[in-house]
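Undergrad: turn this into a structure:
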Amino acid sequence: MASGQLRVVGAKLLAVEAGLSGASVNYRRRGESTVEVLHFDKIVECRGVAPVSPNTGNPALRTVLEKGHARLDPLCIGLDVTPDCSLIDRRGIASQRLYAVGPLTRAEFWEIVAVPDIRTQCARLAAHLTDRLSTSAEPQPGLSQTNG
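TA: Numbers count the residues shown, from 1 in each chain. Predicted structure coming up:
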């Protein structure tokens, strides 16, 4: 800050436009109505938890949302999931086949951005899936099994 390389500005970010040699940022200072533009070589996103949009550029995420296999969580910061990481569809029904881990589950688990947290979440999901698979592989009472 003393050298002038860093300046802190209280403002609302209005738009970021990528160019050949960096990006332009349109913003409005707090309490002002005039839009200002700054040009940068590089930009680092530091605004914190960003909302997830149904129009996301991520094709996998966009597809599950469009097809109704998932829905945004109540905070719109990720996907709505159960405590076992199952995606909840647009009707409110938990999937038996689709799961999410990591930052997309932050409304349910909150602190889920660090690798140790995600590793623990993945281990719990793996144990859950292993349990489901072993339970479904057990013979059901009253049903006979034949070897083909």
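
Undergrad: contacts only, for the residue nearest to the spatial centre of the chain.
TA: The residue lying closest to the centre of the chain (C-alpha atoms, centre = their mean) is residue 104, at 2.6 Å. Residue 104 makes contact with 52, 61, 78, 79, 81, according to C-beta atoms under 8 Å, 6 or more residues apart in numbering. In this view, the C-beta of every residue, glycine as well, is placed from N, C-alpha and C.

Undergrad: how near is it to residue 113?
TA: Separation of residue 104 from residue 113 (C-beta to C-beta, to the nearest Å): 11 Å.

Undergrad: so which residues of this protein form strands?
TA: 11-19, 22-29, 35-40, 86-88, 94-99 (DSSP state E).

Undergrad: how is this structure partitioned into domains?
TA: As recorded under automatic domain parsing, the domains making up the chain are 11-40, 59-136.

Undergrad: ok, and which of those has the densest surroundings?
TA: Sort these by mean neighbour count, taking mean count of other C-beta atoms under 10 Å, and domain 59-136 sits at the top with a mean of 15.
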